[in-house]
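[1] structure of the sequence below:
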Amino acid sequence: MTTFNIFLILIVVVCLLLALVIMVQNPKGGGLSSSFGGNTQVVGGVKKTGDFLERSTWTFATLLAVLILVANTLLQSSATTGSDSKLLDGGAPVQNNILNTPASTNGAQQPGTTSNTAQ
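    Numbers count the residues shown, from 1 in each chain. Here you go, the predicted model:
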(Lines give C-alpha, C1' and ligand atoms only; values in the text may rest on other atoms or scores of the structure.)
Protein backbone atom coordinates (compact mmCIF):
# COMPACT_ATOMS: atom_id res chain seq x y z
CA MET A 1 0.00 0.00 0.00
CA THR A 2 1.44 3.32 -1.04
CA THR A 3 1.38 6.53 0.96
CA PHE A 4 -1.13 8.03 -1.47
CA ASN A 5 -3.53 5.12 -0.85
CA ILE A 6 -3.25 5.63 2.91
CA PHE A 7 -4.12 9.31 2.50
CA LEU A 8 -6.99 8.37 0.21
CA ILE A 9 -8.44 6.07 2.89
CA LEU A 10 -7.99 8.81 5.52
CA ILE A 11 -9.81 11.28 3.25
CA VAL A 12 -12.78 8.90 2.90
CA VAL A 13 -12.92 8.32 6.67
CA VAL A 14 -12.81 12.07 7.41
CA CYS A 15 -15.54 12.67 4.81
CA LEU A 16 -17.79 10.10 6.47
CA LEU A 17 -17.16 11.56 9.94
CA LEU A 18 -17.81 15.08 8.65
CA ALA A 19 -21.08 13.97 7.09
CA LEU A 20 -22.08 12.28 10.35
CA VAL A 21 -21.34 15.38 12.43
CA ILE A 22 -23.24 17.60 9.99
CA MET A 23 -26.26 15.27 9.98
CA VAL A 24 -26.42 15.30 13.80
CA GLN A 25 -26.73 19.09 13.86
CA ASN A 26 -30.05 20.85 13.50
CA PRO A 27 -29.96 23.98 11.35
CA LYS A 28 -32.37 25.79 13.68
CA GLY A 29 -30.19 25.43 16.76
CA GLY A 30 -31.89 22.34 18.22
CA GLY A 31 -30.27 19.12 17.15
CA LEU A 32 -28.45 16.95 19.64
CA SER A 33 -28.04 19.73 22.17
CA SER A 34 -31.79 20.34 22.53
CA SER A 35 -32.57 16.66 23.01
CA PHE A 36 -30.52 16.67 26.22
CA GLY A 37 -32.47 19.50 27.83
CA GLY A 38 -30.73 22.64 26.67
CA ASN A 39 -27.31 24.14 26.22
CA THR A 40 -26.28 24.40 29.87
CA GLN A 41 -26.53 20.73 30.81
CA VAL A 42 -23.25 18.80 31.05
CA VAL A 43 -23.29 15.80 28.69
CA GLY A 44 -20.23 13.57 28.76
CA GLY A 45 -18.01 16.37 30.02
CA VAL A 46 -19.02 18.73 27.26
CA LYS A 47 -20.87 21.78 28.53
CA LYS A 48 -22.39 22.88 25.26
CA THR A 49 -23.05 20.15 22.75
CA GLY A 50 -23.75 22.66 20.00
CA ASP A 51 -20.33 24.24 20.46
CA PHE A 52 -18.72 20.80 20.40
CA LEU A 53 -20.50 19.87 17.17
CA GLU A 54 -19.56 23.17 15.54
CA ARG A 55 -15.95 22.84 16.64
CA SER A 56 -15.76 19.26 15.38
CA THR A 57 -17.27 20.31 12.04
CA TRP A 58 -14.59 22.94 11.55
CA THR A 59 -11.89 20.50 12.69
CA PHE A 60 -12.98 17.79 10.25
CA ALA A 61 -13.31 20.32 7.41
CA THR A 62 -9.81 21.67 8.04
CA LEU A 63 -8.39 18.16 8.34
CA LEU A 64 -10.07 17.20 5.07
CA ALA A 65 -8.55 20.20 3.27
CA VAL A 66 -5.07 19.43 4.63
CA LEU A 67 -5.32 15.75 3.69
CA ILE A 68 -6.41 16.63 0.15
CA LEU A 69 -3.52 19.06 -0.28
CA VAL A 70 -0.98 16.53 1.04
CA ALA A 71 -2.40 13.76 -1.17
CA ASN A 72 -2.20 16.08 -4.18
CA THR A 73 1.42 16.87 -3.37
CA LEU A 74 2.21 13.16 -3.06
CA LEU A 75 0.49 12.45 -6.37
CA GLN A 76 2.46 15.17 -8.16
CA SER A 77 5.77 14.05 -6.65
CA SER A 78 5.17 10.44 -7.68
CA ALA A 79 4.38 11.57 -11.23
CA THR A 80 7.70 13.39 -11.56
CA THR A 81 9.88 10.66 -10.02
CA GLY A 82 8.66 7.99 -12.39
CA SER A 83 5.37 6.27 -12.60
CA ASP A 84 3.73 3.30 -14.23
CA SER A 85 1.62 5.48 -16.50
CA LYS A 86 2.79 5.67 -20.08
CA LEU A 87 0.70 8.79 -20.62
CA LEU A 88 2.54 10.67 -17.87
CA ASP A 89 5.92 9.40 -19.10
CA GLY A 90 5.19 10.29 -22.72
CA GLY A 91 6.22 6.80 -23.82
CA ALA A 92 2.97 5.80 -25.44
CA PRO A 93 2.82 6.43 -29.16
CA VAL A 94 -0.12 8.45 -30.34
CA GLN A 95 -2.13 6.54 -32.91
CA ASN A 96 -4.16 8.39 -35.49
CA ASN A 97 -7.19 6.30 -36.38
CA ILE A 98 -8.62 8.68 -38.96
CA LEU A 99 -9.39 6.79 -42.12
CA ASN A 100 -8.23 8.34 -45.35
CA THR A 101 -11.34 7.42 -47.28
CA PRO A 102 -13.22 10.05 -49.27
CA ALA A 103 -16.33 11.39 -47.67
CA SER A 104 -19.64 10.72 -49.32
CA THR A 105 -20.75 13.50 -51.60
CA ASN A 106 -24.30 14.52 -50.94
CA GLY A 107 -24.08 17.43 -53.29
CA ALA A 108 -21.79 19.25 -50.88
CA GLN A 109 -18.36 20.36 -51.91
CA GLN A 110 -15.40 18.96 -50.00
CA PRO A 111 -12.96 21.49 -48.51
CA GLY A 112 -10.02 22.32 -50.72
CA THR A 113 -11.71 21.38 -54.00
CA THR A 114 -13.11 23.59 -56.66
CA SER A 115 -16.42 23.26 -58.37
CA ASN A 116 -16.46 22.56 -62.15
CA THR A 117 -20.08 23.38 -62.73
CA ALA A 118 -20.95 25.43 -65.78
CA GLN A 119 -22.75 28.67 -65.31
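[2] and the longest helix seen in the chain, average pLDDT?
    Taking residue count as the measure and DSSP state H as the definition, the longest helix of the chain comes out as helix 49-80. In this model, helix 49-80 carries a mean pLDDT of 88.
[3] can you offset everything so residue one is 395?
    Got it, the first residue is 395 from now on, which makes the last one we talked about helix 443-474.
[4] buried stuff in it?
    By neighbour count, and taking 16 or more other CB atoms under 10 Å as the criterion, the buried residues in helix 443-474 are T443, G444, F446, L447, S450, T451, F454, L458, L461, A465, L468, S472. For the C-beta atoms, the positions are set from N, CA and C on the backbone; glycine is no exception.
[5] helices and strands around it, which ones?
    With contacts defined as 3 or more CB pairs under 8 Å, 6 or more residues apart in numbering; DSSP states H and E, the secondary structure elements packing on helix 443-474 are helix 397-418, helix 425-429.
[6] looking at those, which is buried most?
    Of all these, helix 425-429 carries the top mean neighbour count, a mean of 16, counting by mean count of other CB atoms under 10 Å.
[7] including mean pLDDT, could the helices and strands packed on helix 443-474 go into a markdown table?
    Conversion of those to a markdown table gives the following (pLDDT from 0 to 100):
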| stretch | mean pLDDT |
| --- | --- |
| helix 397-418 | 93 |
| helix 425-429 | 56 |
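[8] how much space between A459 and L412?
    Separation of A459 from L412 (CB to CB, to the nearest Å) stands at 11 Å.
[9] got a list of what the closest residue to A455 other than its chain neighbours touches?
    Distances taken as CB to CB, 6 or more residues apart in numbering place L412 nearest to A455, at 6.4 Å, with adjacent residues excluded. Each residue near L412 by CB atoms under 8 Å, 6 or more residues apart in numbering is listed here: T451, F454, A455, L458.
[10] which one of those residues is nearest N399?
    Within the set of the contacts of L412, L458 lies nearest N399; the separation is 17.0 Å, counting by CB to CB.
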